[in-house]
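Undergrad: below: sequence and its predicted model.
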Amino acid sequence: MAIDCQTFYTRLLLLATATLLWSSPSPVLFFCPQITLAQTPTVLDTKKSQAEQLYQSATEQLNKGQLRAALKTFEQVLATLRQINEPQAEAATLSQIGSIYYNLGAFQKALNYYQQALKIFQQQKARKEQGTTLTNIAAVYRNLGQYQKALEFNQQALTIRREVKDAVGEATTLNNMAAVYDNLGQYQKSLELYKEALAIFEKLKDDRGKGTTLNNIGLNYDNQGAYPEALSYYKQALEILKTAGDRMGVGRTLTNIGFAYSNLTEYQKALGALEQALAIRRQIGDRPGEAVTLDRIGTVHRQQNFDRKALQFYEQALAIFKEVKNSPGVGYTLSNIGATLLKVGDFKAAAEQLMAAVEVWESLRPGLTDENKVSLFEKQAETYGLLQQASIAQNKTEAALEIAERGRARAFAELLASRLGSDKSQQLVALKPPNLEQIKRIAAEQKATIIEYSIVAEKIYVWAIAPSGDIAFRQIETRNLDISLADVARNTLVAAATGRNRGSASDDRPAAESANNSPVVSTRKINRRLHQTYKLLIEPIADILPKNPGDRVIFIPQGVLFLIPFVALQDAGGSYIIEKHTVSIAPSIQVLDLTRQHRQRLRSHPRSQVLVVGNPTMPSIRSIADEAPTPLSPLPGAEKEAIAIASILGTRAIVGKDATERAITHKMPQARIIHLATHGLLNELLDRGFEVPGAIALAPDRTPPAGRARGHRLYIKGMQQATVC
């Protein structure tokens, strides 16, 4: 019986809807091309029938989890379709083959097939299928650790899927984008995208999509340490995915359930779930998933102090991650191996594994935006800390300093380096963390003693690098603190802010008055907090600080220590550090060197490219959502500061009512140096809906543009060109 063209493609369409696709649960649509005269209807009917039967067999194999068998059958389908010149059906089959390779962990092969499919879909102007394939390509890049490419392809896919009103495809792409942000450690952005995807799947009554998204939301909470919440989402997902017959999804969710139980110290439940997951993932040939589960089992054994057994599972996981070229998986497992070796006292081997992990992390950075580089580093910072521990355990304190410096302020350093030459790519390639000799050279060029802090586990490591090149090392214990290190930093900041500050034009301003009218804090309590922090951070190194008050000391904090106002810390006699030393702060030693080069370059620019702002007419803010806005207090001391600095830089300070948002933002792009002496706010903006944790107060614009009220505005802007003071 002859099969007409429409019947053939309708049958293939029905088969496609049943096919298990990792990144695209939506069916792929086909169209009927013209039959060429060179092919007789009988030949076409035969080939179409063969293709349909093969496709049905491949689909059945795929749904049983027989990935390699399905792969061979789809390859036969592909060969048959190419004989009868059916490009769009060929592209759909290429996509299926790509998805199987993806699920087998052969990401480069998957990428090759997806790219072939995309080219055909673009030639055929098949927009919906383009969206599907772009999402699949993005998923490959994510697993290869190329996160910026993953985001770019997902964004292209999302645009198309919304354009063609492909709701399932839109939700799938949102899920994949969220997963990339999870990898980068941007959990809030990730959660928002997951919830957007979940709403779509629920509206469409798509159980498989809903189950997958619930699992992903659970993983998001898991990554943030909210283990009970994560477990709740995982259990919901598991029931749905079991009912939907999604064995790959079941294996993935059981792995996550096991790890959540381990974090809740319910180790037997954890191993039970993980062993179920491992069996399923091995049965269906999910190699990347098998590696993840092996790594998780290793961690559960390590948590129970079965360290040698943990290492055996980690080694199995590492071999598979390397086999499938999953760079993030390699990095995480190397870090786990290093942590375990460190725990058992094999410090040399631990350092080797951890250094290999660091090299993997750094290979993932090229191409990321600055924001994503920072997020990725924050998520992977533990490895740098473990490597410092391993080095110090071997009495290699100077090697630990190199690692501490290697692991900080990289995004900012790369931005500065890109400003120093016309060839940005060469600058980024050439930018390497400073070695020990370069660190000593930088200290000598700065003519300063550099104090670098590093927070590792329950200790703070401190290095003092003198201009002479001498390096001293200290360790500060933090385990016996009454409050967390973060609370120490915040309390010190509050104490300094409520004491004397540049808001005062004279020295007799009441100590309790602050920029945003915080409650009164007694002078005695203020001084006690400032001294306690001095005792913690400065006293252990006081003997190696320079004695001459004119000698420079550059503090390089880490993490929460950036909140510490070092100049305001007090010794036992009540003297401030600023009275004993000339103090400055920097994010890293390398940034010190880059800013020195930057300053040399700036000397060739005219002084008109300097922008100095002081004590703008203050806007009003609403500290609590239901309260009326109140104006920020003026800063007459800051105005004096701005005028003095402007005089030094040979320009005029913009102050008072002239320092409007419009005036300042107009000048910013041309300015090479910007000095802002105004309120910087962190926590007072809950009602503003700002996406970044901070704002700079500028004067309200007097004439709102286009009739839109802009009084009482606060301005937030990322500096792209300037050195900001």
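TA: Nice, thanks for sending it over.
Undergrad: point out where the stretch 351-500 of the chain drops to low pLDDT.
TA: 365-379, 409-431, 497-500 (pLDDT under 70).
Undergrad: now residue 549. Nearest residue, chain neighbours left out?
TA: Once flanking residues are discounted, residue 549 sits nearest to residue 580: 5.7 Å by Cβ to Cβ, 6 or more residues apart in numbering. Where you see a C-beta, it was placed from the backbone N, CA and C, and this is true even at glycine.
Undergrad: from residue 452, how far out is residue 163?
TA: Going from residue 163 to residue 452 by Cβ to Cβ, to the nearest Å gives 51 Å.
Undergrad: could you do residue 494 as well?
TA: Taking Cβ to Cβ, one finds residue 494 at 25 Å from residue 452.
Undergrad: kindly report the same for residue 107.
TA: Distance from residue 107 to residue 452, by Cβ to Cβ: 39 Å.
Undergrad: could you do residue 550 as well?
TA: Residue 550 is 22 Å from residue 452, where distance means Cβ to Cβ.
Undergrad: what do you get for residue 331?
TA: Relative to residue 452, and taking Cβ to Cβ, residue 331 is found at 25 Å.
Undergrad: how about residue 650?
TA: For residue 650, the distance to residue 452 - Cβ to Cβ - is 34 Å.
Undergrad: neighbour count winner among those two?
TA: Neighbours were counted for residue 650 and for residue 452 using other Cβ atoms under 10 Å; residue 452 has more, 23 against 10.
Undergrad: and whichever helix or strand the more buried one is part of, what does it pack against?
TA: In the assignment (DSSP states H and E), residue 452 maps to strand 448-456. Using 3 or more Cβ pairs under 8 Å, 6 or more residues apart in numbering; DSSP states H and E as the contact test, the elements touching strand 448-456 are helix 370-393, helix 397-406, helix 436-446, strand 459-465, strand 552-556, helix 589-602.
Undergrad: quick one, it and helix 397-406 angle?
TA: In terms of direction (axes from the mean of the first three to the mean of the last three Cα atoms, to 10 degrees), strand 448-456 departs from helix 397-406 by 80 degrees.
Undergrad: note down every partner strand of strand 448-456 and its orientation.
TA: If you go by DSSP bridges, strand 448-456 pairs up with strand 459-465 (antiparallel), strand 552-556 (parallel).
Undergrad: what about the shortest one, average pLDDT?
TA: When you say that, I think you mean strand 552-556. On average, the pLDDT along strand 552-556 is 95.
Undergrad: with stretch 659-668 instead?
TA: Regarding stretch 659-668, the rounded mean pLDDT is 87.
Undergrad: lowest-confidence helix or strand of this protein?
TA: Lowest on mean pLDDT, DSSP states H and E among the helices and strands of the chain sits strand 714-715, with a mean of 36.
Undergrad: got the angle for the strand holding residue 452 vs helix 436-446?
TA: Using the same axes, to 10 degrees: strand 448-456 against helix 436-446 is 130 degrees.
Undergrad: nearest to residue 446, out of the strands paired with strand 448-456?
TA: Set against residue 446 and scored by Cβ to Cβ, the strands paired with strand 448-456 come closest in strand 552-556, at 6.5 Å.
Undergrad: buried ones in the helix or strand that that closest one is followed by?
TA: Once the chain leaves strand 552-556, the next helix or strand it forms, by DSSP H and E, is helix 577-580. Using 16 or more other Cβ atoms under 10 Å as the test for burial, helix 577-580 gives 577, 580.
Undergrad: strand partners (parallel or antiparallel) of the next helix or strand after helix 577-580?
TA: In the C-terminal direction, the helix or strand that comes right after helix 577-580 (DSSP H and E) is strand 582-585. Taking DSSP bridges as the criterion, strand 582-585 forms sheet pairs with strand 552-556 (parallel).
Undergrad: where does the chain dip in pLDDT?
TA: 1-43, 365-379, 409-431, 497-522, 598-608, 622-627, 681-694, 702-725.
Undergrad: sketch out the strands for it, chain order is fine.
TA: 448-456, 459-465, 471-477, 552-556, 582-585, 610-616, 620-621, 630-631, 654-656, 673-677, 680-681, 695-697, 714-715, 723-724 (DSSP state E).
Undergrad: for those strands, which one sits closest to residue 325?
TA: The nearest among these, by Cβ to Cβ, is strand 448-456 at 31.2 Å.
Undergrad: got the angle between that closest one and strand 471-477?
TA: Angle, strand 448-456 to strand 471-477, by the same axes, to 10 degrees: 40 degrees.
Undergrad: which other residues reach strand 448-456?
TA: The contact list for strand 448-456, computed with Cβ atoms under 8 Å, 6 or more residues apart in numbering, reads 385, 388-389, 400-401, 404-405, 439, 442-443, 460-467, 485, 537, 541, 544-546, 551-561, 584, 589, 592.
Undergrad: give me the distance from it to the chain's centre.
TA: A distance of 25 Å separates the C-alpha centroid of strand 448-456 from that of its chain, computed with Cα atoms, centre = their mean, to the nearest Å.
Undergrad: could you dump that strand to CSV, C-alpha only?
TA: Coordinates of the C-alpha atoms in strand 448-456 are reproduced here as CSV (Å, rounded to 0.1, in the frame of the first residue of the first chain):
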residue,chain,number,x,y,z
ALA,A,448,54.6,50.1,51.3
THR,A,449,54.1,47.2,53.7
ILE,A,450,51.3,45.1,52.2
ILE,A,451,49.1,43.1,54.6
GLU,A,452,47.1,40.4,52.9
TYR,A,453,44.3,38.5,54.7
SER,A,454,42.8,35.2,53.7
ILE,A,455,39.8,33.6,55.5
VAL,A,456,40.2,29.8,55.4
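Undergrad: looking at strand pairing, list the partners for residue 462.
TA: Per DSSP bridges, the residues bridged to residue 462 are residue 453, residue 474.
Undergrad: that one and residue 231, how far apart?
TA: According to Cβ to Cβ, residue 462 stands 40 Å off from residue 231.
Undergrad: show me which of those two is the more surrounded one.
TA: Taking neighbours as other Cβ under 10 Å, residue 462 and residue 231 compare with residue 231 leading, 22 against 19.
Undergrad: ok, that one touching residue 261?
TA: Yes: here residue 231 reaches residue 261: they are 7.3 Å apart, a contact under Cβ atoms under 8 Å.
Undergrad: how many residues are close by residue 127?
TA: Residue neighbour count, defined by other Cβ under 10 Å, stands at 14 for residue 127.
Undergrad: skipping adjacent residues, who's closest to it in space?
TA: residue 164 (5.1 Å).
Undergrad: let me see the contact set for the one you found.
TA: Residue 164 touches 127-128, 131, counting by Cβ under 8 Å, 6+ apart.
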